[in-house]
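Participant: model this:
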Amino acid sequence: AGDFRIDADGWMRFAIFVRPDVGEGRIGRIVHRLVELETYRAMSMLGLGRARGLSRRLNELEPRLSAIVEGMTDDDRAADAVLHDLLAVSAELEAQAVQHSFRFGATKAYEAIVMDRVSALRETRFMSRQMLTEFMRRRYQPAMRTVVSNEERLKTMVERARRAGDLLRTRVDVERSAQNQALMKRMDRRADLQLRLQHTVEGLSVVAISYYAVGLLSYALYPRANATGIDKAYLIAGLTPLAVLFVWWAMRRVRRSLHQHPPEEDL
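Facilitator: Model (predicted):
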């Protein structure tokens, strides 16, 4: 018999009424089970205080997490800023999980030992009194369910934060892919402009090279043309189209060879 109340001296007292024919071994086993029952019950109740503190902390974190998840659909807010807020909440949840995992695991183990010791007593009702099993069901089991409920709530919030992080990282990757695609388009436009500029420069190069080639050839052929009676103006007029065609053909051949054998392949 007992009332699970701590007296003025700080003790919780039980009374065992024994029939005369009960042996000392059985009495010792019952006393031992009662001591173990109360010891492990007190140790398992340590998890209740941790669960209550965790519940208060989760009540603070849950609105923040819900606001972050709802804000993920807001295109006006930068994804990097949302990800920063989400990482802060996720880190706090992971820290809470690390701090409470051992205590909650120990609480489950102690609860199993307590219920095993209660069943080992093989109680029967005596004079309509409340049995120990009924007391445990009414007063002890709700406390253990509170611990389990807060543990499951913590796991659920951690999983929610993890899924939100995956979705947010997907959004960041999509935005970066769009930025990279826009950058590639700008690079393509620049390359096209550079190609057009290169063609323009090549045309000017043909004119410039032809001009200098005609000048050099006229100086080289002028003595012979003078000996044969050919005027210098006619000589230059005849050399100009030939020089232009030759330079243009040479430039196209050089460009074709560069396209067929780019510098990267030579390296």
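Participant: contacts and neighbour counts: CA atoms only from here.
Facilitator: Will do.
Participant: and the longest helix for this structure?
Facilitator: Of all the segments of type helix in the chain, defined by DSSP state H, the longest one is helix 141-228.
Participant: I'd like the next helix or strand past it.
Facilitator: Counting by DSSP states H and E, the next helix or strand C-terminal to helix 141-228 is helix 232-260.
Participant: returning to that earlier point: helices or strands up against the longest helix of the chain?
Facilitator: helix 46-71, helix 79-120, helix 232-260 (3 or more Cα pairs under 8 Å, 6 or more residues apart in numbering; DSSP states H and E).
Participant: if we use 10 Å, what do you get?
Facilitator: Counting contacts by 3 or more Cα pairs under 10 Å, 6 or more residues apart in numbering; DSSP states H and E, helix 141-228 is packed against helix 24-44, helix 46-71, helix 79-120, helix 232-260.
Participant: helix 141-228 and the last one, what's the angle between them?
Facilitator: With axes from the mean of the first three to the mean of the last three Cα atoms, to 10 degrees as the criterion, the two stretches helix 232-260 and helix 141-228 enclose an angle of 150 degrees.
Participant: avg pLDDT for helix 232-260?
Facilitator: Across helix 232-260, pLDDT averages out at 73.
Participant: so who does residue 101 touch?
Facilitator: Contacts were defined as Cα atoms under 10 Å, 6 or more residues apart in numbering; by that measure residue 101 touches 107, 151.
Participant: thinking again about what came up before, distance to residue 177 added to the helices and strands packed on helix 141-228, as TSV?
Facilitator: Shown next, in TSV, are these (distance: least, Cα to Cα, whole Å):
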stretch	distance to residue 177
helix 24-44	52
helix 46-71	21
helix 79-120	14
helix 232-260	31
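Participant: where does the stretch 51-200 of the chain dip in pLDDT?
Facilitator: Applying pLDDT under 70 to the predicted model, the residue ranges of the stretch 51-200 of the chain that meet it are 195, 198-200.
Participant: about what we covered before: can you tell which of the helices and strands packed on helix 141-228 is closest to residue 129?
Facilitator: Evaluated with Cα to Cα, the helices and strands packed on helix 141-228 place helix 79-120 nearest to residue 129, the distance being 16.3 Å.
Participant: convert whatever helix or strand comes next after that closest one to PDB, retaining C-alpha atoms only.
Facilitator: Secondary structure here is assigned by DSSP H and E; on that basis, the next helix or strand after helix 79-120 toward the C-terminus is helix 132-135. As requested, C-alpha coordinates have been extracted for helix 132-135 and formatted as PDB (Å, rounded to 0.1, in the frame of the first residue of the first chain):
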ATOM      1  CA  LEU A 132      -1.100   0.400  -8.700                       C
ATOM      2  CA  THR A 133      -1.800  -0.300 -12.300                       C
ATOM      3  CA  GLU A 134      -4.800   2.100 -12.300                       C
ATOM      4  CA  PHE A 135      -2.800   4.800 -10.700                       C
END
